[in-house]
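In: Starting from these lines, generate the structure:
(4 chains)
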4 protein chains.
Amino acid sequence: MSQISEDAIKCLDKGFVRLVDSMGGDDAIVQAARVSYGKGTNKVSQDRGLIRYLMRHRHTTPLEMVEFKFHCKMPIFVARQWVRHRTANINEYSLRYSEARDEFYYPDPEHIQFQSVLNKQGRRGEVPAELKQKVQDYFKEISEKSFAMYSELNEAGVSRELARAVLPVNLYTEWYWKNDLHNLLHFIGLRSDSHAQYEIRVFSDAMAESVKVVAPFAWEAYQDYVVKGMRFSRVEQSMLEKQLPSRVVDDILEDIAYQTTATLHHNKPREDADLFPLYQKQGGTDSETDFRLKWDSGEIEIGNVREIREFKSKLGSLNN
Amino acid sequence: MSQISEDAIKCLDKGFVRLVDSMGGDDAIVQAARVSYGKGTNKVSQDRGLIRYLMRHRHTTPLEMVEFKFHCKMPIFVARQWVRHRTANINEYSLRYSEARDEFYYPDPEHIQFQSVLNKQGRRGEVPAELKQKVQDYFKEISEKSFAMYSELNEAGVSRELARAVLPVNLYTEWYWKNDLHNLLHFIGLRSDSHAQYEIRVFSDAMAESVKVVAPFAWEAYQDYVVKGMRFSRVEQSMLEKQLPSRVVDDILEDIAYQTTATLHHNKPREDADLFPLYQKQGGTDSETDFRLKWDSGEIEIGNVREIREFKSKLGSLNN
Amino acid sequence: MSQISEDAIKCLDKGFVRLVDSMGGDDAIVQAARVSYGKGTNKVSQDRGLIRYLMRHRHTTPLEMVEFKFHCKMPIFVARQWVRHRTANINEYSLRYSEARDEFYYPDPEHIQFQSVLNKQGRRGEVPAELKQKVQDYFKEISEKSFAMYSELNEAGVSRELARAVLPVNLYTEWYWKNDLHNLLHFIGLRSDSHAQYEIRVFSDAMAESVKVVAPFAWEAYQDYVVKGMRFSRVEQSMLEKQLPSRVVDDILEDIAYQTTATLHHNKPREDADLFPLYQKQGGTDSETDFRLKWDSGEIEIGNVREIREFKSKLGSLNN
Amino acid sequence: MSQISEDAIKCLDKGFVRLVDSMGGDDAIVQAARVSYGKGTNKVSQDRGLIRYLMRHRHTTPLEMVEFKFHCKMPIFVARQWVRHRTANINEYSLRYSEARDEFYYPDPEHIQFQSVLNKQGRRGEVPAELKQKVQDYFKEISEKSFAMYSELNEAGVSRELARAVLPVNLYTEWYWKNDLHNLLHFIGLRSDSHAQYEIRVFSDAMAESVKVVAPFAWEAYQDYVVKGMRFSRVEQSMLEKQLPSRVVDDILEDIAYQTTATLHHNKPREDADLFPLYQKQGGTDSETDFRLKWDSGEIEIGNVREIREFKSKLGSLNN
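Out: The predicted structure is shown next:
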């Protein structure tokens, strides 16, 4: 079974996550989004804005254009939760074809906790040292005993696929795991959550490190809109804050501005002469001179100055 | 091509949605959830509570246990949006195998609108009657002309798969479309949204009627937690309300109560004698007599009276 | 954990497969195929022919219109192979939420075999009685020991999600498993194969019993064209036989006849007067009188008498 | 809409396929297979053998470790067939967000054919020049007329999502399309087949060119075992040949040799002293001296010399 290479992130006592390969990044998201939603411009700040817009509006298909492949080693009980994410491509070490290796997960004392009473699946509270020691002893004892049995049966020529059935689910296994960014973020959203089991959370957190490097804007937007912004528990939190954070207000304005500008600018190149009639038809009230001035100055608010102003003041009164 | 049967819901001018078959309903969700999350009890009120709990916590796999199969007839441009929902099983009328029928979508005057300036994909405003008439005339003219060409080529023996390429995307097609409840709700969430194109919204709304009948608790919970509760626009709205609705408070309490009760009651049948030590170990402070009284009276709060009381008072001070 | 109900099929020593629900059958396949490939007629014999045609030509989407839901109980190492079939919907008994039950798989003596030398994943040969006894003793010993440890930790209040990590993969788990016919047949094709591990094969075989009842024509066609007809090993076998079985010849002819008849009969209802010109345009050489006679007599060969005759004679010379 | 870049393959009159990015190749397949099926050795010739073994035995998951992303431009009626391959990630040019461009597919004269009588979905025979001209005239006329209508409605401000419904399905659209090698080969197997519509076949053939470059061994094995080896029509052909091609015999021998060698060599590193007892236990009849000689000479037949000899002679008599 594979040992930990230098570029791997160590997880638990003997496991790891290693980014083997990836395809695309923030740029690939933007490239795909622009074929769907229009071209926009190419400045990096606008890439970030477009990715935030996609995340806020749940336009997740462009995120699927980025692909990650990891080599991972983890206990079987972790693999059993992990494999439920069905969009991934997986190749796992097979105990039908290959012999098991003597590698088992033994928990650190600090992660040995009581069953939570409030949360059926959680842990809670401080466990006495003697009980912690007993847990560790039991893990060691059962692992060693089962492996000795397995080895003896294996040496005697018993079929591997049967002999392996005596091995406990703290045995380490390993696999290649390949998935796209959209589904990887969904995985991380669920498995890096505080309700997830500690032993899978460390692997999820390790993969998150790769996402931060490969697609930093997408990672940031995912945190802001999905993890922090959209969960129900955050709605509760928002009640405590009593005020919409200024970041959110800015994002909403940026969003409206982006859409309007894209409408005016980026579809079928229009003749300059067409712009003012269109602006009027869509309810613009500035004179043609004023309109031209704003247009030429490159202000992004052209076309819906009034709407943005009204929206801003509505939000302002709300927050005061 | 199929005509509209009595149990179909008419959509647009010539289309329809008909529920052909379904498998399971709220009961199948509960059945599947209980194998995963513990058994709970069997009263209908608790089924509703369990389904709401699942929806609130995004435990969506039990929803996948309910299956729907629809027979639908819609314009090609609607089918093109629809088909992007990849989890569905589809059998569509094939213009390679069968001849096209002379059935095209002609929009009602009320749904002929201007392009929205704020929303790149939307409609807006009142269109003059003459322009509406022109739209309708053009739809009719191009449909009839293309169908005449198609028919002539078809009669002359030209291969159908090529001749059909002159037909416009307002031609009606039809298919069988089968999907599970989780993915159907996701479809409806996106396609019955006010940002979806009107012409697909009517089909999404029609399928929603079937969901209401087949799985009413799931439908209600989806509306409360996903459609109304989780969208970003609702976070904005919540700012106007400044107060957590009492329904939400009740749901949170119900949720906590459910979990605790399930922990005490429903796992491995325990001896009555085990209950009080466990209650104490988990931090209960009532005397054994008080504990027994509450337990026997069937109160669901047993085990975490204190936590719920504290939580209630925290929320109360927030809402006052 | 669930006990075996009367309508379940017992698998291994303590497991089972039970068909909980299904949607559609051969009729649903035919209904879906006809919307795609043209209507055909409605006699049962033609339903069979149509389903065989679909299977032979790998038109598998109509098979997706049939859905099965099973309740299954099996050892974890079997569940680990099973779960790799990613199209299924699954709800599994969770050892984070619920306590493990004292149920482990102990192999029968007859299924304790040596590792195959030719097949890396197989079993082989007769194992001495003493070794068989040792295998059984080890299974029993490790199961009992690990369960005692688990129970002690659980009673002490250690979190279930951690305590369960000492349990071996011969522990029984259970789930609801829902899948469509196309993917279920693919599962059965792989897992009822002689190369599959015995312990999953019994579950696959049990599900096959349900398929035979719910969709008998599809089952028969799958056996004839996919399991027996298409595997590489069967190509080898065919070399030994040196002759195309008459069943295959009949099927090929039936297939050609079906397509031609469908072309003439079942598309856009044609006037009788149109038939002869079409027949001529498509290369028919019989006189109109001969054509009419054959048509009226209901012979299915109308339209390509010549081709079928030539094909038959070609095959005939091959088989003689 | 995108123009054809230098590295794109032109398809039809205005379309293209361009490989934008890929991840992995034959090496990634081998890497993933070895984690599942054991390590083997690292010579290139053995990579080819391993990939052929995987393909022959339908072990397709390692193929999923290779990913392709294409930028494609094709008529809508081609896109409608293409999109049915549900595993792909897609971002398509949206006529709700962006304006349609005046680009339509006009068929070459040589691809204008009659409807086949034998094959409901096929083309057949030589069409008179006048009819070909009529087809081309009709395509041009309906395309220009519909685009003029669309443009007029668009200029008048009618919502794009509605105006586009007058456009025919020979309009070009474009998308990014990302898929793994296993599913891409499945696509190519169906869409490069002689029964596929010509207009999608050219796109499928163009993507096949990329596969040949990125994963040449996988491409070769797919051709040999799936496209040429496994189709039903090839079973028929094999009847004409009456003899198993020597290539197949070699592959079968190579396969057996590979498995045996892997069994002896590549699992848990064994002591040299263990080899002969194992060889005997598995039925080897050579003396230890003979065994050691063959082992040291690196012959791959060690361990099952007898079986291979017998198999060879069985095949030989069959082929004579």
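In: C-alpha from now on. contacts and neighbour counts both.
Out: Will do.
In: C-alpha coordinates for stretch A:179-199, CSV please?
Out: Output of stretch A:179-199 as CSV, limited to C-alpha atoms (Å, rounded to 0.1, in the frame of the first residue of the first chain):
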residue,chain,number,x,y,z
ASN,A,179,-14.5,14.6,-9.3
ASP,A,180,-15.5,18.0,-10.7
LEU,A,181,-15.4,21.2,-8.7
HIS,A,182,-19.1,21.5,-8.3
ASN,A,183,-19.5,18.1,-6.8
LEU,A,184,-16.2,18.5,-4.8
LEU,A,185,-17.5,21.7,-3.2
HIS,A,186,-20.8,19.9,-2.4
PHE,A,187,-18.7,17.2,-0.7
ILE,A,188,-16.7,19.7,1.2
GLY,A,189,-19.8,21.6,2.2
LEU,A,190,-21.2,18.4,3.8
ARG,A,191,-18.1,16.8,5.1
SER,A,192,-16.2,19.8,6.5
ASP,A,193,-19.3,20.8,8.3
SER,A,194,-19.2,20.6,12.1
HIS,A,195,-21.8,17.9,12.0
ALA,A,196,-19.7,15.6,9.9
GLN,A,197,-17.7,12.8,11.6
TYR,A,198,-14.2,14.0,12.6
GLU,A,199,-12.4,11.3,10.8
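In: who touches that stretch?
Out: Applying CA atoms under 8 Å, 6 or more residues apart in numbering or on different chains, the external contacts of stretch A:179-199 come out as A:12, A:60-61, A:63-69, A:78, A:85, A:87-89, A:111, A:121-122, A:200-202, A:204-205, A:207-208, A:211, A:222, A:227, C:161.
In: buried subset of those?
Out: Among the contacts of stretch A:179-199, those buried by neighbour count (16 or more other CA atoms under 10 Å in any protein chain shown) are A:12, A:60-61, A:63-69, A:78, A:88-89, A:121-122, A:200-202, A:204-205, A:207-208, A:211, A:222, A:227, C:161.
In: Which members of these additionally contact chain D?
Out: Residues of these in contact with chain D (CA under 8 Å from any CA of the partner chain): A:61, A:64-65, A:69, A:89.
In: Adding pLDDT and distance to B:Leu185, write these out as CSV.
Out: Shown next, in CSV, are these (pLDDT from 0 to 100; distance: CA to CA, whole Å):
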residue, pLDDT, distance to B:Leu185
A:Thr61, 93, 18
A:Glu64, 96, 21
A:Met65, 97, 25
A:Lys69, 98, 31
A:Asn89, 95, 26
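In: Sort out for me which of those are in strands.
Out: In this view, those that belong to strands under DSSP state E are A:69, A:89.
In: between the ones next to chain D among the buried ones among the contacts of stretch A:179-199, which is nearest chain B?
Out: Nearest to chain B among those: A:Thr61, at 10.1 Å, using CA to the nearest CA.
In: which stretches of chain A form strands?
Out: In chain A, the segments counted as strands under DSSP E are A:9-11, A:15-23, A:67-75, A:89-92, A:114-115, A:123-124, A:172-180.
In: Low-confidence bits of the stretch 201-320 of chain A, can you list those?
Out: Within the stretch 201-320 of chain A, the stretches with pLDDT under 70 are A:225-284, A:291-320.
In: quick one: contacts for A:Tyr176?
Out: Contacts of A:Tyr176 by CA under 8 Å, 6+ apart are A:69-72, A:89-92, D:32, D:35.
In: As CSV, these with distance to chain B would be great.
Out: What follows is these, written out as CSV (distance: CA to the nearest CA, whole Å):
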residue, distance to chain B
A:Lys69, 23
A:Phe70, 25
A:His71, 27
A:Cys72, 25
A:Asn89, 17
A:Ile90, 20
A:Asn91, 23
A:Glu92, 24
D:Ala32, 27
D:Val35, 30
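In: so the helix of greatest length in chain A versus helix C:129-155, what angle?
Out: When chain A is parsed with DSSP state H, its longest helix is helix A:129-155. Orientation check (axes from the mean of the first three to the mean of the last three CA atoms, to 10 degrees): helix A:129-155 against helix C:129-155 gives 160 degrees.
In: How about stretch A:139-151 and chain C, touching?
Out: Yes. Interface with chain C: stretch A:139-151 contributes A:139, A:142-143, A:145-146, A:149 (CA under 8 Å from any CA).
In: export those to a markdown table and tack on neighbour count, distance to chain D and pLDDT?
Out: A markdown table is the format used below for these (neighbours: other CA atoms under 10 Å in any protein chain shown; distance: CA to the nearest CA, whole Å; pLDDT from 0 to 100):
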| residue | neighbour count | distance to chain D | pLDDT |
| --- | --- | --- | --- |
| A:Phe139 | 24 | 24 | 98 |
| A:Ile142 | 23 | 22 | 98 |
| A:Ser143 | 27 | 19 | 98 |
| A:Lys145 | 16 | 19 | 98 |
| A:Ser146 | 24 | 18 | 98 |
| A:Met149 | 21 | 16 | 98 |
